[in-house]
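Okay, predicted coordinates and the sequence, questions at the end:
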Amino acid sequence: GDSVTQMEGPVTLSEEAFLTINCTYTATGYPSLFWYVQYPGEGLQLLLKATKADDKGSNKGFEATYRKETTSFHLEKGSVQVSDSAVYFCALIFTWGYSTLTFGKGTMLLVSP
Amino acid sequence: ETGVTQSPTHLIKTRGQQVTLRCSSQSGHNTVSWYQQALGQGPQFIFQYYREEENGRGNFPPRFSGLQFPNYSSELNVNALELDDSALYLCASSLSGGLNDEQFFGPGTRLTVL
């Protein structure tokens, strides 16, 4: 079945450091891919998405490129801020006719001043 | 525009009891999905409702059931609670359930089963 694997956390960085959170997937067909962010005490928010191979999603300085050849969708940011501290989830859309998201386990990011 | 809201925020129950969680969809959205997020895990799909009909279901037993009302608000009911049901329950609404429709999540209900 469809699944998402992402790197385990926590990822601990200093402010202005470069961020990479790895995400790989297995899926039948060609899913749409997403990154969601969950701040403490809040629900999930869509951060960015890509719907086909080689698409790059971007938002708030975060980027991820849909790589079909490596089945990956790694999240990157050039310079993190303390306010980026949160849990990040990689997800794909289940392709069997209705729109259910399949999530990875999440990666906690902690950014210190 | 009002976002997705859920009630209650927190809930404590004991094994064997029944619980009802509520979700109010974003205005204009006719599709709602429910997810269970255990501690330290990603959300897992429970089921989806589209225009008051169940549209799909994940790998959860029948004691997890739901309803969607004409105003598109929704309920998740869990019978015969087990300790492993302790989790954050999230609902998400979308415009029409299409594959590329963004799902907007509520803040969740934290359920603790003792």
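Right, received. Where do you want to start?

So what's the residue count around the closest residue to chain A within chain B?
At 3.3 Å from chain A, residue B:42 is the closest residue in chain B, using Cβ to the nearest Cβ. For glycine as for every other residue, the C-beta is placed from the backbone atoms N, C-alpha and C. Using other Cβ atoms under 10 Å in any protein chain shown, residue B:42 has 22 neighbouring residues.

Now do the closest residue to residue A:2 other than its chain neighbours: how many residues are near it, please.
Leaving out its chain neighbours, the residue that sits closest to residue A:2 by Cβ to Cβ, 6 or more residues apart in numbering or on different chains is residue A:27, at 4.4 Å. Neighbour count for residue A:27, taken as other Cβ under 10 Å: 18.

Just the pLDDT for residue A:27.
Note for residue A:27: predicted pLDDT of 85.

Same question for residue A:94.
Looking at residue A:94, its pLDDT reads 64.

any chance you could map the strands in chain B?
Along chain B, counting by DSSP state E, strands occupy B:5-7, B:10-13, B:19-24, B:31-37, B:44-50, B:53-57, B:64-68, B:74-78, B:87-94, B:104-105, B:109-113.

Would you reformat the ones you listed as TSV and include distance to chain A?
Formatted as TSV, the strands of chain B follow (distance: least, Cβ to the nearest Cβ, whole Å):
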stretch	distance to chain A
strand B:5-7	8
strand B:10-13	11
strand B:19-24	11
strand B:31-37	6
strand B:44-50	4
strand B:53-57	4
strand B:64-68	14
strand B:74-78	15
strand B:87-94	6
strand B:104-105	4
strand B:109-113	10
